[in-house]
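Student: give me a model of this one.
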Amino acid sequence: MGGFATGQEAMKVANPKDTFRKMYDKWVTPQLLKRGAYNVPLPFEDESEPTAASKEKEKVQKKQKKEKRKSKKDKSAA
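Tutor: Numbers count the residues shown, from 1 in each chain. This is a model prediction of the structure:
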């Protein structure tokens, strides 16, 4: 039966590491940040080869910082 009690088939993920990274970023990272742990890598991740999800996360963080600086600049100009 495939090991599922409901009789469902297992879903195959195209890029399991990237999918796991996205899940980790969504559920685990916020809890780690609350406890003061920053930039905790996954055990299977090598620092030299970032995943697509971590690259996307970096882009979002850079965009947020840029917007924050722009809003500060606008406030100081007023």
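Student: neighbouring contacts of the regular element (helix or strand) spanning residue 32?
Tutor: According to DSSP states H and E, residue 32 maps onto helix 29-34. Helix 29-34 is touched from outside by 38, 40, with contacts defined as Cβ atoms under 8 Å, 6 or more residues apart in numbering. (Each C-beta comes from the backbone N, C-alpha and C, glycine too.)
Student: distance from the chain centre to that helix, please.
Tutor: 11 Å (Cα atoms, centre = their mean, to the nearest Å).
Student: okay, buried residues for that helix please.
Tutor: residue 29 (16 or more other Cβ atoms under 10 Å).
Student: ok, stretch 17-24 next?
Tutor: Applying 16+ other Cβ under 10 Å to stretch 17-24 flags 18, 20, 21, 22, 24 as buried.
Student: out of these, which sit inside helices?
Tutor: 18, 20, 21, 22, 24 (DSSP state H).
Student: pLDDT at the third one, what is it?
Tutor: According to the per-residue confidence, residue 21 scores 86 in pLDDT.
Student: I figured it hits residue 42, correct?
Tutor: Yes. The pair formed by residue 21 and residue 42 meets the contact definition of Cβ atoms under 8 Å, at 6.6 Å.
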